[in-house]
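J.: Coordinates only, no sequence provided:
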């Protein structure tokens with residue numbers, strides 16, 4: 001469901017752009033209708049509903065998956081392999097050492113001066129030390145836990161029966177009760193904690209929990225060679241030499257105990273699906289074990305307004321098809337990592353495990369026009385208008401829009417031209433904005449790849465226009481003769497229609513298209529964007545667009561932006577270098593990525609380098625000034 005929802009907003013944006021284009025054609029309907037019909041008859045492709053693609057033969061997952069171990073697996077893998085058979089979500093928690101090293105500085109940056117995160121952690125550490133009879137001055141959490149036998153350099157895992165927990169929580173909310181996530185029948189929470197020495201860790205954990213466990217009856221049971229100890233009506237646990245596993249449900253703990261000798265198998269953490277970083281966090285979501293949530297979702301959708309209900313019902317149908325079409329239990333993967341310069345959230349879904357993904361998404365494409373944008377581009381959105389997306393727009397989404405909604409928006413007649421427009425377009429659609437150079441306003445570029453350039457060539461004369469100077473490299477640039485705040489130019493270039501307010505920028509795109517080259521924009525970013533991946537959607541935003549363009553221009557025209565918008569934009573500009581969202585195909589994996597590059601971190605790296613250089617120079621000067629000893 002999450003994956004499909006990510007495509008909804010870009011789809012609606014495309015729909016809006018195309019509806020506006022359709023409206024422009026409709027303006028000429030009364031005087032040009034007969035002419036347009038004749039042109040469509042003459043075009044190479046007749047106007048028709050986009051046909052379903054032929055079925056694709058796919059390899060069986062077992063034929064291409066090796067599950068071969070990595071030389072350097074993710075640090076959470078050992079804990080994740082205790083996955084109980086009943087769990088539908090498994091969370092891989094990065095090592096405590098990583099959280100303290102990377103997470104605390106980020107949390108402090110977000111919290112600001114009002115809260116001292118490190119002081120709070122030290123206070124917790126001192127409380128543990130005091131409880132365990134250690135010196136009171138001990139406040140290093142990692143050292144204290146290491147002393148107690150906990151492995152702070154390996155990742156932990158949390159296993160959930162999330163569907164049952166959510167069902168119970170939603171039922172409580174409907175009854176105006178406080179949600180009880182882990183008290184619903186069938187819900188559970190299981191934790192696998194890495195330890196240095198199982199016996200030592202068990203002794204210290206029980207000592208720390210002594211007051212809570214006092215006077216509770218304990219029973220023991222042997223499962224798969226391990227001793228399971230259950231505290232009546234509370235929890236149960238077992239210990240291996242390297243793992244302490246505890247659960248709120250004894251039956252689920254039993255299946256986790258069986259994993260000690262027979263580890264769970266999945267692609268994540270193998271050569272088939274290596275992690276981006278060893279110490280990343282991850283969630284493995286077994287979507288085909290969560291079908292019961294679809295019924296709850298249907299109930300929520302029914303309570304929405306007609307338009308939202310219609311569109312989200314389509315997304316729900318896609319998700320239902322994904323559940324029903326799954327051919328094995330390979331989980332969807334949600335990973336996150338934090339580096340000195342960026343935070344990235346990534347999802348990966350196997351198109352082999354869920355074949356419907358290929359039908360919904362279609363083929364990816366290399367975004368060549370996005371790579372030709374000027375290097376001072378500060379925002380762009382690129383969409384891949386492939387046959388799959390066209391089919392969804394024309395056969396699913398547009399017919400699902402209530403007629404009364406179309407009438408209110410006055411878009412009903414314009415939608416009649418949508419199938420014709422779909423026949424003209426095909427491939428990359430890119431919309432982008434630059435900074436103020438070379439113009440005093442941002443340069444805007446709208447680039448529409450054409451599937452049927454000949455038909456487009458016949459329609460373009462319908463727009464009011466005039467030549468803009470002499471042809472440039474045999475391409476005649478046109479200027480629209482319509483009242484706008486700034487001139488608008490367009491041209492057909494390399495089977496694409498380009499609309500822009502910068503004739504100089506348009507000439508630059510013609511140069512790059514002629515040479516089949518990129519502008520170097522992707523490579524100029526830090527980190528660079530991947531220009532070779534097969535992309536469905538791509539979004540990039542540099543907060544400088546607000547501070548250097550939007551805010552000054554708004555002030556120039558006497559416009560006052562809402563205070564909330566100003567506050568959010570200022571905060572984002574202060575902390576972030578860029579926001580990047582990409583949906584692309586990576587082998588068998590349909591992948592989505594949200595990446596935030598941190599301005600503060602980049603500046604700190606530069607500052608640290610300067611400080612180190614200055615310190616070195618001071619030491620050298622002091623050394624030169626000291627007198628030589630006899």
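T.: Cool, got the structure. Given the structure is predicted, the values throughout are model-derived calculations rather than measurements.

J.: Every contact and neighbour count from this point should use C-alpha atoms.
T.: OK.

J.: Would you map the strands across the stretch 101-250 of the chain?
T.: Along the stretch 101-250 of the chain, the stretches classed as strands by DSSP state E, counting those that start in this stretch are 156-160, 189-194, 218-223, 226-231, 235-240, 243-247.

J.: Pull up the pairing partners for the last one, direction included.
T.: Spelled out, that is strand 243-247. strand 189-194 (antiparallel), strand 235-240 (antiparallel) (DSSP bridges).

J.: how close does the residue lying closest to residue 123 once chain neighbours are set aside sit to residue 590?
T.: Sequence neighbours aside, residue 139 is the residue nearest to residue 123 in space, at 6.9 Å (criterion: C-alpha to C-alpha, 6 or more residues apart in numbering). Separation of residue 139 from residue 590 (C-alpha to C-alpha, to the nearest Å) stands at 45 Å.

J.: out of those two, which sits in the more crowded spot?
T.: residue 590 (23 against 20; other C-alpha atoms under 10 Å).

J.: wait, what's in contact with that one?
T.: 348, 349, 350, 351, 357, 583, 584 (C-alpha atoms under 8 Å, 6 or more residues apart in numbering).

J.: Tell me the one of those residues nearest residue 198?
T.: Residue 198 has its nearest neighbour among these in residue 348, at 34.3 Å by C-alpha to C-alpha.

J.: Give me the neighbour count for the nearest residue to residue 488 once chain neighbours are set aside.
T.: Counting by C-alpha to C-alpha, 6+ apart, residue 488 lies nearest to residue 501, which is 4.5 Å off, once chain neighbours are set aside. The burial count assigned to residue 501 is 21, neighbours taken as other C-alpha under 10 Å.

J.: For residue 450, find the nearest of the strands of the stretch 101-250 of the chain.
T.: strand 156-160 (47.8 Å).

J.: if we can go back for a sec, and the strands paired with strand 243-247: which comes nearest residue 402?
T.: Checking those against residue 402 by C-alpha to C-alpha gives strand 189-194 as the closest, at 43.4 Å.

J.: now the closest one and strand 156-160, what's the angle there?
T.: Taking axes from the mean of the first three to the mean of the last three C-alpha atoms, to 10 degrees, strand 189-194 and strand 156-160 form an angle of 170 degrees between their directions.

J.: ok so, going back, redo the strands paired with strand 243-247 as JSON lines? Include mean neighbour count.
T.: Shown next, in JSON lines, are the strands paired with strand 243-247 (neighbours: other C-alpha atoms under 10 Å):
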{"stretch": "strand 189-194", "mean neighbour count": "25"}
{"stretch": "strand 235-240", "mean neighbour count": "22"}
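
J.: Residue 492 touches residue 506, doesn't it?
T.: No: the criterion here is C-alpha atoms under 8 Å, and residue 492 misses it with residue 506 at 10.4 Å.

J.: what residues do those two have in common as contacts?
T.: Shared contacts of residue 492 and residue 506 (C-alpha under 8 Å, 6+ apart): residue 498.

J.: Tell me if I'm right that residue 521 and residue 379 touch.
T.: No: Residue 521 lies out of contact with residue 379 (C-alpha under 8 Å); the separation is 11.6 Å.

J.: These two: which has the busier surroundings?
T.: Ranked by neighbour count (other C-alpha under 10 Å), residue 521 and residue 379 place residue 379 first, with 21 against 18.

J.: Report the contact partners of that one.
T.: Counting by C-alpha under 8 Å, 6+ apart, the residues that residue 379 touches are 432, 433, 434, 539, 540, 541, 542, 545.

J.: bridging residues for the closest residue to it other than its chain neighbours?
T.: Residue nearest to residue 379 in three dimensions, not counting chain neighbours: residue 541, with 4.3 Å by C-alpha to C-alpha, 6+ apart. Legend: beta-bridge partners of residue 541 under DSSP bridges are residue 379, residue 579.

J.: since we're on residue 541, how many residues are nearby?
T.: Around residue 541 there are 20 residues (other C-alpha under 10 Å).

J.: go on, residue 313?
T.: For residue 313, using other C-alpha under 10 Å, the count is 18.

J.: List of residues touching the helix or strand hosting it?
T.: Counting by DSSP states H and E, the element that carries residue 313 is helix 306-325. Contact with helix 306-325 is made by 1, 4-5, 8, 287-288, 291, 294, 297-298, 301-303, 354-357, 360, 396-397, 400-402, 405, as judged by C-alpha under 8 Å, 6+ apart.

J.: again, only this time at 6 Å
T.: Residues outside helix 306-325 that contact it (C-alpha atoms under 6 Å, 6 or more residues apart in numbering): 1, 288, 301, 354, 356, 400, 401.

J.: can you redo these as TSV with secondary structure?
T.: What follows is the contacts of helix 306-325, written out as TSV (DSSP: H, G, I helix; E, B strand; the rest coil):
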residue	secondary structure
1	coil
288	helix
301	helix
354	coil
356	helix
400	helix
401	coil
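
J.: Quick one: which of these is the most crowded by neighbours?
T.: Going by other C-alpha under 10 Å, residue 354 tops the contacts of helix 306-325 with 23 neighbours.

J.: which one is that residue nearest to, not counting chain neighbours?
T.: residue 326 (4.6 Å).

J.: Can you get me a residue count around that neighbour?
T.: 19.

J.: Residue 284 reaches residue 333, doesn't it?
T.: Yes: if you go by C-alpha atoms under 6 Å, residue 284 and residue 333 touch, sitting 4.9 Å apart.

J.: can you pull the buried residues of stretch 475-484?
T.: Buried residues in stretch 475-484, counted by 16 or more other C-alpha atoms under 10 Å: 476, 477, 478, 479, 480.

J.: And the furthest pair within those residues?
T.: 476 and 480 (12.9 Å).

J.: For the stretch 301-450 of the chain, which segments are assigned as strands?
T.: Using DSSP E, counting those that start in this stretch, strands in the stretch 301-450 of the chain cover 332-338, 342-350, 377-385, 425-434, 444-450.

J.: Nearest to residue 87, out of those strands?
T.: Closest among these, using C-alpha to C-alpha: strand 332-338, at 13.6 Å.

J.: what sits up against that closest one?
T.: Outside of strand 332-338, the residues within contact range by C-alpha under 6 Å, 6+ apart are 280-285, 343-349.

J.: what lines up beside it in the sheet?
T.: Neighbouring strands of strand 332-338 in its sheet, by DSSP bridges, are strand 281-285 (antiparallel), strand 342-350 (antiparallel).

J.: JSON lines for the ones you listed, including mean pLDDT and distance to residue 176?
T.: Below are those laid out as JSON lines (pLDDT from 0 to 100; distance: least, C-alpha to C-alpha, whole Å):
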{"stretch": "strand 281-285", "mean pLDDT": "96", "distance to residue 176": "29"}
{"stretch": "strand 342-350", "mean pLDDT": "93", "distance to residue 176": "34"}
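
J.: Need the winner for burial among those.
T.: Looking across these with neighbours counted as mean count of other C-alpha atoms under 10 Å, the highest average goes to strand 281-285: a mean of 23.

J.: pLDDT weak spots in this structure?
T.: For the chain, applying pLDDT under 70 flags the ranges 1-64, 181-182, 327-328, 409-414, 438-439, 556, 600-630.

J.: that older thread, what would the strands paired with strand 332-338 look like in CSV with distance to residue 196?
T.: Converted to CSV, those look like this (distance: least, C-alpha to C-alpha, whole Å):
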stretch, distance to residue 196
strand 281-285, 21
strand 342-350, 30
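
J.: Pull out the buried residues from stretch 163-175.
T.: For stretch 163-175, by 16+ other C-alpha under 10 Å, it's 163, 164, 165, 166, 167, 168, 169, 170, 171, 172.

J.: now, which of these sits nearest residue 208?
T.: Of those, the one sitting nearest to residue 208 (C-alpha to C-alpha) turns out to be residue 165, at 28.3 Å.
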